[in-house]
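> Make a model of this:
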Amino acid sequence: MVKAIVSGAAGRMGGRIIHMIHQNPDIELAAALERPDHPAVGSDAGTSAGIGELGVPISGSLAEVVDKGDVLIEFTTPEATVANLRTAVEKGLAVVIGTTGITGAMLEEVQDLAKRVRCVMAPNMSVGVNVMFKIAGLMAEILGPDFDMEILEVHHRFKKDAPSGTAMKLAQILAQATGRDLEKVATYERKGLIGERPKDEIGIQTWRAGDIAGEHTVLFGGMGERLELIHRAHSRDNFARGAVRAAIWVVEQPPGLYDMQDVLGLKK
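Coordinates of the predicted model:
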């Protein structure tokens, strides 16, 4: 039985992850945590998640509970993720990271630290989205330069980072499949008299509205035809379910940095 520690336990994703753990016979909730000043600290993690008392209080730091689990599931902020990953490395705790918005020097540190433990890090834990990653690269490779490539991502009004980590991963996949430098060809907004669309451009657009769980579209536009690859998340449960699957998988792996393509066996 895998013993999991859930970080960000009182958040929207944390609550759904606790739900998915509670439903899976191969994993159990060993501990939960939130930031020290969070009002949920001290309350029962199950009660906070809406599934009834589990006898697992929400702690105010990973240090207090790090010895209770086999794997940390981390969906929080970039700053909290880095701090908790440092603690996990010290204790040899496996980690699943779904936090988005980690960039620059912070991303470099996370990638370096993650290689020292057993770690799955992915911008999206959904099984469907990871199949989308695989297919998008294949489509871009086959269609080639005769098709323009655009990405649209749509999320709820509360999402803090833009574009989404999933959209950026898709853009990286398209660029790699067509031999382009994403830093040079990515376009994030268009306004005014912009002229003809550059042939190598990869457009990445963002919408924010209401409570939309997540939607990603990759459009391949040719002359006289177009193809669209679409993933719509109906709830956060598919992300949470994927994170739990990754947590069960990663504890059996040797130290290293993995992603959901590894978990799902899609790197063949």
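> Show me where the chain has its helices.
Under the criterion DSSP state H, helices of the chain are mapped to 12-23, 45-49, 78-91, 104-114, 127-143, 165-177, 182-185, 237-250, 260-263.
> Please report how far the closest residue in space to residue 91 that isn't next to it in sequence lies from residue 230.
In space, and not counting its chain neighbours, residue 91 is closest to residue 66: 5.0 Å by CB to CB, 6 or more residues apart in numbering. (C-beta placed from N, C-alpha, C; glycine too.) Residue 66 sits 40 Å away from residue 230, going by CB to CB, to the nearest Å.
> Which one's more surrounded, these two?
residue 66 (20 against 11; other CB atoms under 10 Å).
> Report the contact partners of the more buried one.
Counting by CB atoms under 8 Å, 6 or more residues apart in numbering, residue 66 makes contact with 5, 72, 87-88, 91, 93.
> Dump those to a markdown table, plus neighbour count and distance to residue 223.
Output for the contacts of residue 66, formatted as a markdown table (neighbours: other CB atoms under 10 Å; distance: CB to CB, whole Å):
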| residue | neighbour count | distance to residue 223 |
| --- | --- | --- |
| 5 | 29 | 53 |
| 72 | 28 | 50 |
| 87 | 15 | 54 |
| 88 | 27 | 51 |
| 91 | 13 | 57 |
| 93 | 23 | 53 |
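> Now render those as a markdown table, adding distance to residue 58 and pLDDT.
Formatted as a markdown table, those follow (distance: CB to CB, whole Å; pLDDT from 0 to 100):
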| residue | distance to residue 58 | pLDDT |
| --- | --- | --- |
| 5 | 11 | 98 |
| 72 | 14 | 98 |
| 87 | 17 | 96 |
| 88 | 18 | 96 |
| 91 | 19 | 94 |
| 93 | 18 | 96 |
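> With respect to residue 107, which of those residues is nearest?
The shortest approach to residue 107 among the contacts of residue 66 belongs to residue 88, at 16.7 Å (CB to CB).
> Export stretch 85-99 to CSV, keeping only CA atoms.
C-alpha atoms of stretch 85-99 as CSV (Å, rounded to 0.1, in the frame of the first residue of the first chain):
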residue,chain,number,x,y,z
LEU,A,85,11.0,19.5,-3.2
ARG,A,86,14.2,20.5,-1.2
THR,A,87,12.7,18.7,1.8
ALA,A,88,11.8,15.7,-0.2
VAL,A,89,15.3,15.4,-1.6
GLU,A,90,16.7,15.5,1.9
LYS,A,91,14.4,12.6,3.1
GLY,A,92,14.4,10.6,-0.2
LEU,A,93,10.7,11.0,-0.6
ALA,A,94,9.3,10.3,-4.1
VAL,A,95,7.4,13.3,-5.6
VAL,A,96,4.6,13.9,-8.1
ILE,A,97,4.6,17.6,-9.3
GLY,A,98,1.6,19.0,-11.1
THR,A,99,2.3,22.7,-10.2
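> separation between residue 111 and residue 1?
From residue 111 across to residue 1, the span is 30 Å (CB to CB).
> and residue 263, how many neighbours does it have?
Residues lying near residue 263 (other CB under 10 Å) number 24.
> who does residue 218 bridge with?
Going by DSSP bridges, residue 218 is paired in beta bridges with residue 151, residue 229.
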